[in-house]
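Undergrad: The following comprises the amino acid sequence and a computationally predicted model.
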Amino acid sequence: MNRVRIDLSALRHNFGQIQRLAGKDVRLLAVVKSNAYGHGLVPAARAFQTAGARMFAVAEVEEGIKLREAGIEGDLIVLLGAAREGFADLLRYDLSPVVYQPETAEELSALAQRAGKDVAVHVKFDVGMGRLGALPHQARSLLERIEKLPGLHLAGVMSHLPMADRQEEAATRQQVRLFQELISEVGKGQAGHLLHIANSAALLRFPDLHFDLVRPGITLYGCYPADWLREKSEVRLKPAMSFRSSILQVKDLPAGSGVSYGHAFVTGRPTRLAVVPAGYDDGYSRRLSGKAQVLIRGQRVPVLGTICMNACMADVTDLPAVEPGDEVVLLGTQGKEEITAEEIAGWLGTISYEVLCLFGACNRHEYIEED
């Protein structure tokens with residue numbers, strides 16, 4: 001009954017839009033980590049590959065292995081890097097880890113030498129994210145060490161921008177200046193490595209930050225990193241995911257009836273309820289209680305009462321002839337109405353990224369071609 005529907009044509013459209021914005025001389029690293037933001041790791045990667053993708057970013061080695069075993073070619077970059085137990089798989093499946101500490105590089109070099117392999121690595125600097133990456137004062141020594149290690153070659157130098165989706169630019173510009181100072185010490189082009197720092201927000205906002213490579217993530221899946229960027233961007237994205245269910249039961253309650261656990265909602269009039277088999281076990285969070293709306297017969301209707309583990313209740317009093325089996329859209333379009341991931345994120349107090357990951361992780365996937 002519940003299914004997350006993925007429009008593969010929308011994925012390809014988004015890739016093409018982003019490539020046109022970046023320009024033909026800038027490479028795209030398609031970020032497909034975390035099961036492609038809930039859209040399905042292998043199907044999404046195949047869609048992007050069909051659209052022209054030749055580089056993919058995953059979070060962990062296991063995701064890279066799945067892509068290789070599915071026949072995905074090109075560069076596969078592991079954003080979290082790898083621990084010692086994952087080194088053998090890095091070599092076996094030709095994966096490129098992100099490196100941010102010399103000990104990792106030295107151990108990987110030793111294994112690569114013994115195996116007679118050459119491993120491409122991307123060195124990461126932390127210019128303000130406060131997450132993974134070598135700190136600025138460690139940058140020179142780390143790069144010099146890696147460039148001397150046999151079995152490794154420097155494929156890229158990268159960082160990440162935590163404030164690029166904010167309207168205020170000063171912090172991002174300062175972080176980019178620091179990145180530029182660090183890479184100036186490397187000698188751009190000397191080893192043929194790629195420079196990259198632009199996530200989706202920086203890609204949309206700052207053409208001067210595209211460098212050699214951009215790393216689109218959320219934009220590939222049809223969402224904007226911030227609402228204000230949707231209005232300012234020249235890129236027209238198509239959401240690829242929808243979340244759909246069907247009505248199980250329609251029932252009439254008199255005024256004064258409690259609905260769901262705790263009777264947090266009590267009907268103030270005779271009310272017709274549609275029981276929908278979607279709840280927090282399906283990623284439809286209990287925190288949506290009293291806030292969410294769904295689409296039935298092309299109209300918005302409120303979700304009443306507390307959302308259960310496997311069900312929620314929608315008020316269909318004002319809709320004509322609603323029946324069990326009617327489609328319910330929790331995310332996506334129906335008729336002229338649309339409920340977006342950004343809207344659901346607002347109800348939840350989170351971001352669209354989490355909404356997509358939740359729905360994608362908890363439901364059966366159905367792949368379609370809208371165009």
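TA: Arrived safely.
Undergrad: mean confidence for the longest helix belonging to the chain?
TA: Counting residues, the longest helix found in the chain (DSSP state H) is helix 170-186. Average pLDDT, helix 170-186: 89.
Undergrad: tell me what it is packed against?
TA: helix 136-148, strand 152-158, strand 194-198 (3 or more C-beta pairs under 8 Å, 6 or more residues apart in numbering; DSSP states H and E). The way it works is simple: take the backbone N, C-alpha and C, and place the C-beta from them, glycine included.
Undergrad: which residues make contact with it from outside it?
TA: Residues from elsewhere that reach helix 170-186, judged by C-beta atoms under 8 Å, 6 or more residues apart in numbering: 125, 127-128, 136, 139-140, 143, 157, 159, 161-164, 166, 193, 195, 197, 202, 206, 209.
Undergrad: Report the buried members of those.
TA: Buried subset of those (neighbour count, 16 or more other C-beta atoms under 10 Å): 125, 127-128, 139, 143, 157, 159, 161-164, 166, 193, 195, 197, 202, 206, 209.
Undergrad: so where do the helices sit in the protein?
TA: For the chain, the helices defined by DSSP H cover 8-22, 33-37, 41-51, 61-69, 87-92, 102-115, 136-148, 170-186, 200-205, 227-232, 341-348, 352-362.
Undergrad: Next, format these as TSV and append distance to residue 261.
TA: Output for these, formatted as TSV (distance: least, C-beta to C-beta, whole Å):
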stretch	distance to residue 261
helix 8-22	37
helix 33-37	31
helix 41-51	36
helix 61-69	37
helix 87-92	46
helix 102-115	49
helix 136-148	52
helix 170-186	44
helix 200-205	39
helix 227-232	33
helix 341-348	19
helix 352-362	20
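Undergrad: ok, back up a step: could you identify which of the helices and strands packed on helix 170-186 is most buried?
TA: strand 194-198 (a mean of 24; mean count of other C-beta atoms under 10 Å).
Undergrad: What segments of the stretch 251-371 of the chain are strands?
TA: With strands called from DSSP state E, counting those that start in this stretch, the stretch 251-371 of the chain shows them at 258-259, 265-266, 271-276, 293-296, 299-304, 312-315, 327-334, 337-339, 365-368.
Undergrad: of the ones you listed, which approaches residue 250 most closely?
TA: strand 271-276 (5.4 Å; C-beta to C-beta).
Undergrad: how about the closest one: buried residues?
TA: Across strand 271-276, burial judged by 16+ other C-beta under 10 Å covers 271, 272, 273, 274, 276.
Undergrad: Between these, which sits nearest residue 338?
TA: Nearest to residue 338 out of those is residue 276 (C-beta to C-beta; 18.1 Å).
Undergrad: quick one: the closest one and residue 311 touch, right?
TA: Yes: with contacts counted by C-beta atoms under 8 Å, residue 276 reaches residue 311, the gap being 6.5 Å.
Undergrad: Overlap in contacts, those two.
TA: By the contact definition C-beta under 8 Å, 6+ apart, residue 276 and residue 311 are jointly contacted by residue 248.
Undergrad: In the stretch 51-200 of the chain, where is pLDDT below threshold?
TA: The model of the stretch 51-200 of the chain has pLDDT under 70 over residues 186-191.
Undergrad: Please name the residues that touch residue 319.
TA: Applying C-beta under 8 Å, 6+ apart to residue 319 gives the contacts 272, 296, 297, 299, 301.
Undergrad: If we ignore the residues flanking it in sequence, what's nearest the first one?
TA: Read that as residue 272. Spatially, and ignoring its direct neighbours in sequence, residue 272 is nearest to residue 317 (4.6 Å; C-beta to C-beta, 6 or more residues apart in numbering).
Undergrad: One more: the third one?
TA: With C-beta to C-beta, 6+ apart as the criterion, residue 297 has its nearest non-adjacent residue at 5.5 Å, and that residue is residue 319.
Undergrad: Same question for the last one.
TA: Counting by C-beta to C-beta, 6+ apart, the nearest residue to residue 301 once its immediate chain neighbours are dropped is residue 314, at 4.9 Å.
Undergrad: Is it correct that that neighbour is in contact with residue 303?
TA: Yes: in this structure, residue 314 is within contact of residue 303 by C-beta under 8 Å, at 5.5 Å.
Undergrad: Now for these two: what residues contact both?
TA: Residues within reach of residue 314 and of residue 303 at once, by C-beta under 8 Å, 6+ apart, are residue 294.
Undergrad: if we can go back for a sec, the helices and strands packed on helix 170-186 into JSON lines, with extra columns for distance to residue 82?
TA: Below are these laid out as JSON lines (distance: least, C-beta to C-beta, whole Å):
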{"stretch": "helix 136-148", "distance to residue 82": "15"}
{"stretch": "strand 152-158", "distance to residue 82": "13"}
{"stretch": "strand 194-198", "distance to residue 82": "19"}
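Undergrad: Can you tell me which of the ones you listed is nearest to residue 53?
TA: Residue 53 sits nearest to strand 194-198 of all these, at 14.9 Å, using C-beta to C-beta.
Undergrad: got the angle for the closest one vs strand 152-158?
TA: Between the axes of strand 194-198 and strand 152-158, defined by axes from the mean of the first three to the mean of the last three C-alpha atoms, to 10 degrees, the angle is 30 degrees.
Undergrad: List the contacts of strand 194-198.
TA: Under C-beta under 8 Å, 6+ apart, the answer for strand 194-198 is 27, 29, 122, 155-161, 164, 176, 179, 183, 188, 206, 209-215.
Undergrad: And the buried residues of strand 271-276, which is closest to residue 64?
TA: Set against residue 64, the nearest of the buried residues of strand 271-276 by C-beta to C-beta is residue 276 (37.6 Å).
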